[in-house]
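Peer 1: Kindly return the folded structure for what I paste below:
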Amino acid sequence: MRTLIYALFIGLMSVASAQVMAAADGIHLDKVEIDLSDKASLQRGAKTFMNYCLSCHQASYMRYNRMGKDLGMTDQQVKDNLMLASDKIGDTMTIAMRAQDAQKWFGVVPPDLSVIARAKGTDYLYTYLRTFYLDPTKPMGTNNLAFKDVGMPHVLWEQQGYKQRNEHGQLETASKGSLSTSDYNNVVADLVNFLAYIAEPTKIERVALGKWVLLYLIIFFLIAYPMKKAFWRDIH
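Peer 2: Residues are numbered from 1 along each chain as shown. This is a model prediction of the structure:
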């Protein structure tokens with residue numbers, strides 16, 4: 001029980017710390033709904049991840065076949081829709097770019113995205129992916145409200161278009177993308193949902209099992225407490 005309470009305390013403190021750091025930076029984090037049981041959303045998020053993220057960022061703790069199983073896809077569907085021809089179904093999601101090359105080209109090694117949702121929080125990722133704006137002083141030509149001086153380009157600019165900051169520091173449209181604002185927000189929500197999944201693939205199973213464990217503990221308590229009273233009755 002002490003271990004459980006300690007784990008819950010650490011988890012709550014981690015969430016609170018993320019919120020405090022965001023508030024300290026003056027960042028308003030937009031809320032995103034995460035539903036790991038929505039396999040259609042996870043499949044859409046996986047497609048976006050493969051097409052726009054995996055070229056620079058790896059997810060080295062996730063395997064293609066495990067992802068396919070959890071997302072309700074056959075190995076062949078994963079091969080046809082979510083993999084490069086050189087990859088094998090049992091491989092982890094790694095990239096060909098070497099760390100030293102990434103450091104040379106970008107000035108920093110792009111982080112592994114396996115657990116980024118747990119490290120940064122889903123609301124942060126949702127906000128980050130929607131707040132790129134034009135900044136001609138930066139090498140990539142863009143900056144980000146949630147991550148000042150970010151080295152990553154706005155890879156989804158074709159879908160969102162470009163934003164610019166006005167005199168009040170707010171973002172406004174500089175050029176339109178192929179998607180409406182609501183459609184782009186849905187694309188980002190699906191991507192963040194997928195990132196939340198790969199950060200903890202067993203969460204749904206863990207939560208489902210946890211309910212039965214709690215039920216067992218309640219039943220055990222209802223049986224054990226009267227037994228304890230009966231055993232210790234004559235001692236007191």
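
Peer 1: Model confidence for residue 99, exactly?
Peer 2: In the prediction, the pLDDT value recorded for residue 99 is 85.

Peer 1: any idea how far it is from residue 69?
Peer 2: As judged by Cβ to Cβ, to the nearest Å, residue 99 and residue 69 stand 30 Å apart. Heads up, the C-betas are built off the backbone N, CA and C, glycines and all.

Peer 1: of the two, who's got more company?
Peer 2: Counted by other Cβ atoms under 10 Å, residue 99 and residue 69 do not tie: residue 69 has more neighbours, with 14 against 9.

Peer 1: so that one is in which element?
Peer 2: helix 64-70 (DSSP states H and E).

Peer 1: for that helix, which positions count as buried?
Peer 2: For helix 64-70, burial by neighbour count (16 or more other Cβ atoms under 10 Å) applies to 64-65, 67-68, 70.

Peer 1: Repeat that for stretch 72-83.
Peer 2: Applying a neighbour-count criterion of 16+ other Cβ under 10 Å, one finds 73, 78-79, 82-83 buried in stretch 72-83.

Peer 1: who does the helix holding residue 69 touch, helix- and strand-wise?
Peer 2: When contacts are defined as 3 or more Cβ pairs under 8 Å, 6 or more residues apart in numbering; DSSP states H and E, helix 64-70 sits against helix 75-82, strand 92-93.

Peer 1: neighbouring strands for the last one, and are they parallel or not?
Peer 2: Strand 92-93 has these partner strands in its sheet, going by DSSP bridges: strand 59-63 (antiparallel).
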